[in-house]
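Enquirer: After the sequence you'll find the predicted model.
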Amino acid sequence: MKEEKTSYRGRLAPTPSGHLHLGHGQTFQVADQRCREAGGTLVLRIEDLDPQRSKPEYLDAALEDFSWMGLAWQEGPCFQSQRRALYIDTWQRLKAADAIYPCMRSRKDVREAASAPHPEDEDPEPIYPPAWRVAPSAAGAYADPVGANWRFRVPDGAAIRFSDGRLGEQVFVAGEDFGDFVVWRRDDVPAYELAVVVDDIAMGITEVVRGEDLLCSTARQILVYQALQEKVPLFFHTPLVRDADGIRLAKRHDALAMKSLREAGLTFAEALERLDPGHSGL
């Protein structure tokens, strides 16, 4: 009897805007492991939408990091920078559904209007004041997204629920935990919240593995899936990796960049041992 193949599809989605650190490495390792255990297909997607920050040398380093880690993928690489037509089509669908609107407010405007700052490990985006929303008819003046930030109009008070594969049931309240969020930037770049949803739908991704700092982003993206009437994938959020001082890793942590560690002759397993066991993850 022929063995039936699994329908599991996962992805590795590095952003080539800096050197990847051990926190990224742990998340990619978990994504690879979960896909292998399911006998599924792993897709490599390069999230290079931002032309100012994405650099070829960072992509080269990421691919060398993946080789050092022993990761293997079955599809890709594909590049977000080559998928603009898909993002424009989705922008048009959301606009037609009155789910988004043009906004001339800057990030600085929104930050200054926020009543309190967020702690480092919480969602960093302040809540957009509902009084600044514009009528749905304002979108009619735009044939394309150029010239404005485009925000998703969240259903204030709605509870967005999902079950995380590691953390269990999660609930975020629209308008309280997050507000109207950007799906297209004024500099004519699709925002993360739109691009990853578009790509995960197009690529048939069934489970998204990423860091737990993106839990609130998941709630936002579920609203985009719903507005597009598309199936929502499963989610598995990995722990944030910290250094020996308990500080969350970022791309500025050159000492824990995978490029630096592999060039020092360490294996990936040896590199992970450099982390404080109390902060090293799963």
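Expert: Now that the structure is in, tell me what you want to look at.

Enquirer: Any regions of the stretch 1-150 of the chain where pLDDT drops low?
Expert: Along the stretch 1-150 of the chain, segments meeting pLDDT under 70 span 1-6, 115-124.

Enquirer: residue boundaries of the helices in it?
Expert: 22-38, 56-69, 84-96, 107-113 (DSSP state H, counting those that start in this stretch).

Enquirer: just so I know, which of those lies nearest Val146?
Expert: helix 84-96 (10.5 Å; C-beta to C-beta). Bear in mind the C-beta positions are built from the backbone N, C-alpha and C, glycine included.

Enquirer: Buried by neighbour count: which residues of that closest one qualify?
Expert: By neighbour count on 16 or more other C-beta atoms under 10 Å, the buried set for helix 84-96 is 86-87, 90-91, 94-95.

Enquirer: now the residues you listed as TSV including distance to Asp144?
Expert: Converted to TSV, the buried residues of helix 84-96 look like this (distance: C-beta to C-beta, whole Å):
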residue	distance to Asp144
Leu86	14
Tyr87	11
Thr90	13
Trp91	8
Leu94	13
Lys95	10
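
Enquirer: From these, pick the one nearest Tyr101.
Expert: Lys95 (8.6 Å).

Enquirer: the helices in the stretch 151-282 of the chain, which residues?
Expert: Using DSSP H, counting those that start in this stretch, helices in the stretch 151-282 of the chain cover 192-202, 215-227, 258-263, 268-272.

Enquirer: Dump the ones you listed to TSV, plus distance to Arg166.
Expert: Formatted as TSV, the helices of the stretch 151-282 of the chain follow (distance: least, C-beta to C-beta, whole Å):
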stretch	distance to Arg166
helix 192-202	18
helix 215-227	11
helix 258-263	22
helix 268-272	18
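
Enquirer: Let me have those helices in TSV, extended by mean pLDDT and distance to Ala139.
Expert: Shown next, in TSV, are these (pLDDT from 0 to 100; distance: least, C-beta to C-beta, whole Å):
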stretch	mean pLDDT	distance to Ala139
helix 192-202	98	15
helix 215-227	98	14
helix 258-263	92	43
helix 268-272	89	47
